[in-house]
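**Student:** Show me the folded form of this:
(one chain, ligands or ions: 1)
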Amino acid sequence: MSFWHKLFGTLMPDTFKDMEAESRLWMLQCPACGHEVSIWDLGGIRYKAYSKGKRMLRRCRGGCGKIKWHRVYKKEMKEPQASGTV
Ligand SMILES: [Zn+2]
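**Tutor:** Below is the predicted model of the structure:
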């Protein structure tokens, strides 16, 4: 757990659950190799925020290890497709 996660988890445990859920949906994607990591996994929090076309300069933790402008985007919740007889 990062410092921020601990802090918010202690101060406002209820809100923290929402923060975690939302932060996990925010992804950084490396333009070079396509590796993705969530803001949450980086120890960050993104909550009640909206952004489009935002980019963050950081080193890729995936395959390429290069410092690139990573694309920031929010994953959409996807319901699993029901298959079978309809
Ligand atoms: Zn990469």
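**Student:** For Ile67, which non-adjacent residue is spatially closest?
**Tutor:** Using C-beta to C-beta, 6 or more residues apart in numbering and skipping the chain neighbours, the partner closest in space to Ile67 is Arg59 (4.9 Å). Yep, even glycine has a C-beta here, placed from its N, CA and C like the rest.
**Student:** and the one you found, how many neighbours?
**Tutor:** When neighbours are counted by other C-beta atoms under 10 Å, Arg59 registers 12.
**Student:** One more: Lys6?
**Tutor:** So Lys6, with other C-beta under 10 Å, has 11 neighbours.
**Student:** one step back: need the contact list for the residue nearest to Ile67.
**Tutor:** Arg59 makes contacts with 65-68, as judged by C-beta atoms under 8 Å, 6 or more residues apart in numbering.
**Student:** and what of Phe3?
**Tutor:** Per C-beta under 8 Å, 6+ apart, neighbours of Phe3: Gly43.
**Student:** how close does it get to the ion?
**Tutor:** Distance, Phe3 to the ion, by C-beta to the ion, to the nearest Å: 26 Å.
**Student:** if you skip the residues just before and after it, what's nearest to His70?
**Tutor:** His70 sits nearest to Leu28 (C-beta to C-beta, 6+ apart), 4.2 Å away.
**Student:** ditto for Val72
**Tutor:** Lys54 (4.3 Å).
**Student:** Burial check on the one you found, number of neighbours?
**Tutor:** Residues near Lys54, counting by other C-beta under 10 Å: 14.
**Student:** now Arg46
**Tutor:** 18.
**Student:** sorry, back to before: please report which of the contacts of Arg59 has the highest neighbour count.
**Tutor:** Neighbour counts for the contacts of Arg59 peak at Lys68, which has 19 neighbours (criterion: other C-beta under 10 Å).
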